[in-house]
Every structure is written in C-alpha cells, then in structure tokens.
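**Student:** coords please:
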Amino acid sequence: MTGFVLDASVALAWCFDDESTPAAWALLERLHHAPAHVPALWALEIGNILLGAEKRRRITQARSVEFLGILGALDIRVDPDRPGRAFRDVLPLARAQQLTTYDASYLELAMRLGLPLATKDAALVRAAATLRVATLGA
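**Tutor:** Next comes the predicted model:
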C-alpha cells in the first residue's frame with residue numbers, strides 16, 4: 001500500500017466525534033501499512049486547532065495531550081521545511097488555486113511526492129481535482 005499526504009482535517013476527525021467518518025477511520029487504519037506525509041506546518045496547525053478547542057471547552061487539555069500521544073505513535077513523516085519553498089512554490093499555487101497558503105502546502109507536497117492527498121476540505125479537493133492530484137475521501 002502506498003503512502004499519502006495527510007491534511008490536518010483528517011487527523012482531527014480522529015479526535016472530534018462530530019467530525020469523524022468511516023472513511024477517516026479507514027485512513028487511520030491505512031497508517032498501519034503505509035506512512036503519511038505532512039508539511040512542516042502540520043504540527044502547528046494541529047496544536048492551534050486543539051488549543052482553540054480547549055478554549056471553547058470542546059475538549060479538555062488531557063484529551064489534547066492524549067491525542068497528541070496517539071499521533072506521535074503513528075508513522076507520520078514531516079517534510080523538511082526548505083527555505084524559499086513557501087514563496088517559490090506554495091504561494092503561487094495558493095494564488096492560482098484560490099487556497100490559503102496552509103492548504104496549498106498540503107497540495108504542493110502531494111504533487112511533489114506524487115502521492116494522493118487525504119483531506120476533508122472541499123476547496124482543497126476541488127484544487128486537487130483541477131490539478132489531477134488523487135484524493136482519498138475522508
């Protein structure tokens with residue numbers, strides 16, 4: 001089984017019951033057989049969303065810590081951040097596809113690695129389809 005690029009939206013579906021889907025759980029199972037790849041900003045994005053959920057009392061700090069432990073045990077490979085990539089590759093891609101630079105970083109990584117993109121984000125799915133990047137439903 002081949003690896004894939006993992007968008008934060010899918011990983012967070014494993015944390016929040018109201019965002020969970022059978023397809024998202026299937027992607028978690030897939031991680032037992034193939035690695036997931038994420039851009040360097042992934043950990044910050046996950047942390048920011050968890051922190052916001054704690055502030056809104058959607059989850060507890062203990063649940064955030066537990067979830068981060070679960071993520072840490074998975075075969076999730078962080079792409080090294082290369083100086084200039086954000087400006088040279090990601091920013092133009094974001095402009096062309098009308099995405100945030102955060103979302104474009106996942107798409108750029110999928111394109112560069114030649115891997116499918118796992119995302120729940122509708123705009124990202126549309127941009128991937130436009131560029132003929134395979135997506136994995138979540």
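**Student:** where do the strands sit along this protein?
**Tutor:** Under the criterion DSSP state E, strands of the chain are mapped to 4-6, 36-38, 76-78, 117-118, 135-136.
**Student:** Quick check: which of these is buried the most?
**Tutor:** Among these, strand 4-6 has the highest mean neighbour count (mean count of other Cβ atoms under 10 Å), at a mean of 28. All C-beta atoms are positioned from the backbone trio N, CA, C, and that covers glycine.
**Student:** could you say what helices and strands that one packs with?
**Tutor:** helix 22-30, strand 36-38, helix 101-113, strand 117-118 (3 or more Cβ pairs under 8 Å, 6 or more residues apart in numbering; DSSP states H and E).
**Student:** ok, 7 Å please
**Tutor:** On a contact count with 3 or more Cβ pairs under 7 Å, 6 or more residues apart in numbering; DSSP states H and E, strand 4-6 meets strand 36-38, helix 101-113, strand 117-118.
**Student:** Most tightly packed of these?
**Tutor:** Highest mean neighbour count of these: strand 117-118, a mean of 26 (counted as mean count of other Cβ under 10 Å).
**Student:** Parallel or antiparallel, list what pairs with that one.
**Tutor:** Sheet pairing of strand 117-118 (DSSP bridges) gives strand 4-6 (parallel), strand 135-136 (parallel).
**Student:** now what about stretch 42-60, what contacts it?
**Tutor:** The contact list for stretch 42-60 (Cβ atoms under 7 Å, 6 or more residues apart in numbering) reads 8, 11-12, 61, 64, 67, 78, 102.
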